[in-house]
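Peer 1: Next input, structure requested:
(chains A and B)
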Amino acid sequence: MRRSLDNIYRLGLKELRSLWADKVLLVLIVWAFTGAIYAAAKGVSQELHNAPVAVVDEDRSPLSQRLIGALTKPYFKPAQHIELPQMDRMLDHGQVTFAIVIPANFQQDLNAGHRPTIQLNIDATSMSQSFIGAGYIRSIFVAELNEYLTGKRESGDAPIRLATRVRYNPNLIGYWFGGVMEVINIVTMLTVILVGAAFIREREHGTLEHLLAMPLAPFEIMLAKIWANGLIVLAGTTLSLLGVVQGLLQVPIAGSVPLFLGGAALYLFSAASIGIFLGTLARSMPQFGLLFMLTIIPLQMLSGGVTPRESMPLFVQDIMLVAPTTYFVRLAQGTLYRGAGLETVWPDLLAIIAIGAVFFALALQRFRRAVTQTQV
Amino acid sequence: MSDMPPAIARLAAVTLRYGAVSALQDINIALPAGRMVGLIGPDGVGKSSLLALVAGARKIQSGTVEVFGGDLASRRFRSQVQPRIAYMPQGLGKNLYPTLSVAENVDAFGRLFGQGRAERASRIDELLAATGLLPFRDRPAAKLSGGMKQKLGLCCALVHDPDLLILDEPTTGVDPLSRRQFWELIDNIRARRPGMSVLVATAYMEEAERFDWLVAMDAGRIVGTGTAAELKAASGSTTLEQAFIQLLPEQRRREHQALVIPPRAADGNGWAIDAEGLTQRFGDFTAVDNVSFSIGKGEIFGFLGSNGCGKTTTMKMLTGLLPPTSGSARLFGQVVDAGNIETRRQVGYMSQGFSLYGELSVLQNLDLHARLFHLPAARIAPRIRELCQRFGLEPYADMPAAGLPLGIRQRLSLAVAVVHEPKLLILDEPTSGVDPVARDQFWALLIELSREQGVTIFISTHFMNEAERCDRISLMHAGRVLASDTPAALRQASGADTLEAAFIRYLEQAADVPRSETVAEPAPVVRNTSHAKAPAFSLSRLLGITWRESLELMRDPIRLAFALIGSVLLMFVLGFGISMDVEDLRFAVLDRDQSPESRDYIQNIAGSRYFSQQPALLDSAELERRMASGELSLALEIPPGYGRDLRLGRHPEIAAWVDGALPFRGETARGYMQGLHLQYISDLVTEVTGDRPQLLPTDIASRYRYNQDFRSIYAMVPAVIPMLLIFIPAILMALGVVREKELGSITNLYVTPVTRLEFLLGKQLPYVAVAMFSFLLLLLQAVFVFDVPVKGSMLALSCGTLLYVTVTTGIGLLTSTFVRTQIAALFGTALLTMLPTIQFSGLTTPVGSLEHGAYWIGQAFPASYYLVLSRGIFTKALGFADLLPQFLALLLFIPLLTAAAVARLPKQEG
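Peer 2: Okay, the predicted model is just below:
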């Protein structure tokens, strides 16, 4: 037992030394946990931002101009004035997401109480903008018209009032979400690659075989890889969470950072076990790369870090229950945004360990064969 | 040198460096024509570099290289003489295509020279008959023995009747019988074509005796030239190996001492290794077939045989790395078993090739192994010091192992293997590639270990003179032991005067050596090939490359499966994954009123398809907790007295909490909630007053175009297709080119008349076809699985896709010119294509919404145009005329990418 621990410790130190010697990889890791996260969080948001709008203003009245002028940055780009025949073409080519038609005599008709109609054409293939944007345009127009007619932006008193409060992220800022989810993506990606590719590389160089010919057990070699690489990724995670997410992006963290990091450590064990397992399946580095792509994309896209799980078909949700990422994403959202504590997230922690143990066992079972029998 | 024939190649002041390492230093030499010229010297002295320069495969850095009287630095001259030169690079079957059959390999080479079908067919038959490969014409090159691979390589080299044949270590790692046959074959060919010049490099000094003229090289310099007899006479040696050592600089020579092997003190107390019927099968291939032997304690026992004859596999079974399929082995009386850690403590193992950690220093490597063997802490430092001293490692103690010269690295490996003072050493080809001086130094250490410390040594080698030094040897071939005894006894028993001759006798006796392999006649018929100047562009060469690439692609099921199944699988993932539909949001209510009015309100929310009701909340704490766990996206609180207040017109207020942790979902949930609320009020007023209230003085008529149901699948599926048709084809294409770089067959581009354009376009065509097939699968999936119909012109969509996949494979071609390894190609291409496609080409955010750099990246990225095209045709019912700008833009990318890739791809190495 003591010997095993000593072996795991020694081999892990070796692993750290090797990593230290690979400066390019180190730079990549640092970039992944800093620049990449910042860029991804700030880069593209699903919020309404700079939506391109075209207007066919057949009224050319002060009121129509006032309505058009109310569509402002940052939600909308300044509206382009076009003629009716151009409209279809612009929508067809995806040049604008919204095309608004204000009919002739709009202001006159409105004053006369004739209820003129504004036409709002929406390119519904532009999913993230069209629904939210249409709502914004509608409420902006309603407010402007109310102000024009009554002098107040609010409409008359409703029989029931609704007080809506958004919790955890009151202004619905996209990168509060994107920043942390990107950290999780990077953790998954780096851990699987670092451990899996190291396994393949050492197998190709014959060093794993060399270790197996010594009085060492496969589980010692695997655990050494896991702790050493896990330590690096965990350090990176801490750095990016505190430095980039909290520091640079100014995202408030509601819950306990140590709880999240503890969960991350368990998740690293799971992800690293998956990495080694993939390494034992692949016969060469390119095969590993292809397998990696096929694994990582579902892990990232379907575990709830991009779109909510409940909007996926039921069978997809069920399949994703075997992925540790699903639980880790839930744990991260719970602890970091909603301030959930151990009493709430313990089932997720258990699931992560259990799945990790299964992959570890599978990898262990294939380890010796994979090292000695897939020589080129 | 008046008796010298005119020179076939002339090198003047040639120097070559790889980074900081100097491979050739100021080489000045004229190589005689019409002769068999041998370059001799150990690995890494610059032989291969010199040959690659003469073949035109490697770029000249400084100095001049003239071949056939012209300057090889001139691209035009090179393309003129390439049809007259044949080059077989180092490494067994290095420039062959492993999945192609024997006949297909020769065929592929014929196509590289633009030969017609009839010509190729007759040449294939001739060459295969001459080399004895005819019975194996349909066997994949990868499954040939080393000797057969080299014969096939020779066929491929001779397919165009070259005037200069360049062979780089053609017999390294080949069994002695095949080696002899190979040289007989060369002699035959030379007899038929006396004008042909042959340039050969070899590390086997015995072989060099048969060459007409020799160039001895050491450390990037020429140390001597002349016939074998001249070299021996000049140094007063009896063998070339000794002569070579005499030619080395004074300092290197001084390190060398003649080996003296003291006789082994006979002691009969038991076996160190006792192997009984060891057999190892991999699938239907038997690597080791019923091998038995016993090795006495303190004995040096040698395994002699060619590459792939089963030496390594046998050794792995002895170390416990590979459990034998049948049979058993005992080390010091204990059965070897993977789980038995105790036996492994007594063994030191040195695997083939360097398997220590190159990034660790000499001391760190020794320290790591001392600790892994659990030497007592106090013993570690003295033991390491002792080993460094004895193995001469002191000057290198702090250097990273990877940077050490090969001979020193092997000494370090041996030091590591004995760090725990094992009783048995298993050494797998420890001296392969090491120069003669360093080899003898290594052997001196082995002899010391054996004779002074009684360590048993089990060593494999393919050097005959090393085998002579063993106490006993086993001759191995094709997984079986042919004979086993002392070297002298083996020589005697077969009546041969050298061990090599004895080995050949045993090989000939072995029943499994096919007769066809042993005949080597008739030699190829000589044609009067005029070596007409190769055309600047040849469609037949291009199609030849396409033919070969298609065959290779079809025989690699993993790549093909990734291309086809992978894209279908990813379509599922992305189609479902990037869903913007927000439905069935979980909500619960804290109803403090419990009146008919409050229940009516809740019913209104629960009845919509957007929300699904969860068990009611009992108090604020529960609301807090269930929202924190992420279970609820929306929580409503209805105040006490809600029903009464509503009846009395007191405007009661309902509180709604929305989970904003996922902003997009939060935004949508809030929107839905407000919409449902307004709807409820409107219905309520209508019910009471009978009049629909007008909340607005105007109507805003929203028309969701192209996607009336507002289902994100209709928007996503046409957008996912462009994504998948860029990632996968680009990656496969890049791997296709880089694979050749990594495996070595790219050399065929360097030394044949194939142009870069032919090479790239020829390789691109099959991948365009695969991508189109993949498109067909995706299209079927879109229509039948996702129910997303194609509303516009199918023809336009297909034409647009054809243009697009030509562009995306073109991106793969371009990336392949920047990277060297397959793994870099994989991740480089993924990084390069993924970010712009997902972020900047309008997938989620229209290009029009992007700003600054992102906008311009979007404009300059082909996926942006295809995305408009795909969405337009799928959802907007557009056709050719509507999408003309997109078609033109895609069309423009094709020549740009091809030209860039051609410009980046070197026609020479280096």
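Peer 1: does B:Glu508 belong to a helix or a strand, and which?
Peer 2: helix B:499-509 (DSSP states H and E).
Peer 1: shaky segments in chain B?
Peer 2: B:1-5, B:255, B:265-269, B:511-534, B:578-580, B:690-697, B:707-710, B:844, B:851 (pLDDT under 70).
Peer 1: sorry, back to before: and the helix holding B:Glu508, what other elements does it pack with?
Peer 2: helix B:176-192, helix B:464-467, strand B:472-477, strand B:480-485, helix B:487-494 (3 or more CB pairs under 8 Å, 6 or more residues apart in numbering or on different chains; DSSP states H and E). Heads up, the C-betas are built off the backbone N, CA and C, glycines and all.
Peer 1: Wait, A:Leu239 touches A:Ala32, no?
Peer 2: No. Between A:Leu239 and A:Ala32 there is no contact under CB atoms under 8 Å: 10.8 Å.
Peer 1: Quick check: can you list the domain ranges of chain A?
Peer 2: With domains defined by automatic domain parsing, chain A comprises A:2-44+A:173-373, A:53-150.
Peer 1: wait, what's in contact with B:Ala444?
Peer 2: Contacts of B:Ala444 were listed using CB atoms under 8 Å, 6 or more residues apart in numbering or on different chains, and they are B:257, B:259.
Peer 1: hmm, back to that, need the domains of chain A in a markdown table with mean pLDDT, can you?
Peer 2: As requested, those are exported to a markdown table (pLDDT from 0 to 100):
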| stretch | mean pLDDT |
| --- | --- |
| domain A:2-44+A:173-373 | 88 |
| domain A:53-150 | 85 |
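Peer 1: For B:Val21, find the nearest of the helices and strands packed on helix B:499-509.
Peer 2: Among those, the nearest to B:Val21 by CB to CB is helix B:464-467 (27.8 Å).
Peer 1: Residue most distant from the centroid, the chain?
Peer 2: All of this refers to chain A. A:Ala112 (51.3 Å; CA atoms, centre = their mean).
Peer 1: could you do chain B instead?
Peer 2: Distance from the centre of chain B peaks at B:Leu648, with 79.6 Å (CA atoms, centre = their mean).
Peer 1: Provide the backbone phi and psi angles at it.
Peer 2: With angles defined as degrees, to the nearest 10, B:Leu648 sits at phi -90, psi 0.
Peer 1: just so I have it, where are all the helices in the stretch 451-600 of chain B?
Peer 2: Remark: helices assigned in the stretch 451-600 of chain B by DSSP state H, counting those that start in this stretch are B:464-467, B:487-494, B:499-509, B:515-518, B:539-554, B:557-561, B:567-577, B:596-606.
Peer 1: circling back to that earlier point, so which of the domains of chain A is the most surrounded?
Peer 2: Highest mean neighbour count among these (mean count of other CB atoms under 10 Å in any protein chain shown): domain A:2-44+A:173-373, with a mean of 20.
Peer 1: can you give me how far that one is from the chain middle?
Peer 2: 15 Å (CA atoms, centre = their mean, to the nearest Å).
Peer 1: Hmm, B:Lys167 is touching B:Glu207, no?
Peer 2: Quick fix: residue B:167 reads Leu, not Lys. No. Look at B:Leu167 against B:Glu207 with CB under 8 Å: they stay out of range, at 11.3 Å.
Peer 1: Looking at those two, which one has more neighbours?
Peer 2: Legend: neighbour count by other CB atoms under 10 Å in any protein chain shown for B:Leu167 and B:Glu207, higher for B:Leu167 (25 against 21).
Peer 1: tell me which element the more buried one falls in.
Peer 2: strand B:164-168.
Peer 1: What strands line up against that strand, and which way round?
Peer 2: Here strand B:164-168 has these sheet partners by DSSP bridges: strand B:85-88 (parallel), strand B:197-202 (parallel).
Peer 1: how about those in TSV, adding mean neighbour count and distance to B:Gln492?
Peer 2: Listed next are those as TSV, based on neighbours: other CB atoms under 10 Å in any protein chain shown; distance: least, CB to CB, whole Å:
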stretch	mean neighbour count	distance to B:Gln492
strand B:85-88	26	38
strand B:197-202	24	29
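Peer 1: Would you tell me which of those strands gets closest to B:Leu757?
Peer 2: Per CB to CB, nearest to B:Leu757 of the strands paired with strand B:164-168: strand B:85-88, 21.4 Å.
Peer 1: okay, that closest one in PDB with CA atoms only?
Peer 2: Presented in PDB, the C-alpha positions along strand B:85-88 are these (Å, rounded to 0.1, in the frame of the first residue of the first chain):
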ATOM      1  CA  ILE B  85      16.500   8.600 -61.400                       C
ATOM      2  CA  ALA B  86      14.900   6.100 -59.000                       C
ATOM      3  CA  TYR B  87      15.200   6.500 -55.300                       C
ATOM      4  CA  MET B  88      14.300   4.100 -52.600                       C
END
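Peer 1: ok and the helix or strand just after that strand relative to helix B:539-554, angle-wise?
Peer 2: Elements were assigned by DSSP H and E; along the chain past strand B:85-88, the next helix or strand is helix B:102-112. Angle, helix B:102-112 to helix B:539-554, by axes from the mean of the first three to the mean of the last three CA atoms, to 10 degrees: 150 degrees.
Peer 1: Could you verify that A:Ala99 is part of a strand?
Peer 2: Yes. Using DSSP: H, G, I helix; E, B strand; the rest coil, the assignment for A:Ala99 is a strand.
Peer 1: still on that earlier bit, next, the angle strand B:472-477 makes with the helix holding B:Glu508.
Peer 2: Helix B:499-509 and strand B:472-477 are oriented at 50 degrees to each other (the same axes, to 10 degrees).
Peer 1: Can you give me the end-to-end span of stretch B:336-348?
Peer 2: In stretch B:336-348, first residue to last residue: 14 Å (CA to CA, to the nearest Å).
Peer 1: do stretch B:407-425 as well
Peer 2: By CA to CA, one end of stretch B:407-425 lies 18 Å from the other end.
Peer 1: Leaving out the residues flanking it, which one is nearest to the closest residue to chain A within the stretch 451-600 of chain B?
Peer 2: Of all residues in the stretch 451-600 of chain B, the one sitting closest to chain A is B:Gly577 (3.5 Å; CB to the nearest CB). Nearest non-adjacent residue to B:Gly577, counting by CB to CB, 6 or more residues apart in numbering or on different chains: A:Met301, 3.5 Å away.
Peer 1: in the sheet, who's paired with A:Arg161?
Peer 2: With DSSP bridges as the rule, A:Arg161 is bridged to B:Glu653.
Peer 1: Show the pLDDT at it.
Peer 2: On the pLDDT scale, A:Arg161 is placed at 82.
Peer 1: which residues touch it?
Peer 2: A:Arg161 makes contacts with B:651-654, as judged by CB under 8 Å, 6+ apart.
Peer 1: center of chain A, which residue is that?
Peer 2: A:Met181 (4.0 Å).
Peer 1: Do I have it right that that one meets A:Gly305?
Peer 2: Yes. The pair A:Met181 / A:Gly305 is scored as a contact, 4.3 Å apart, by CB under 8 Å.
Peer 1: between these two, what contacts are shared?
Peer 2: A:Val329.
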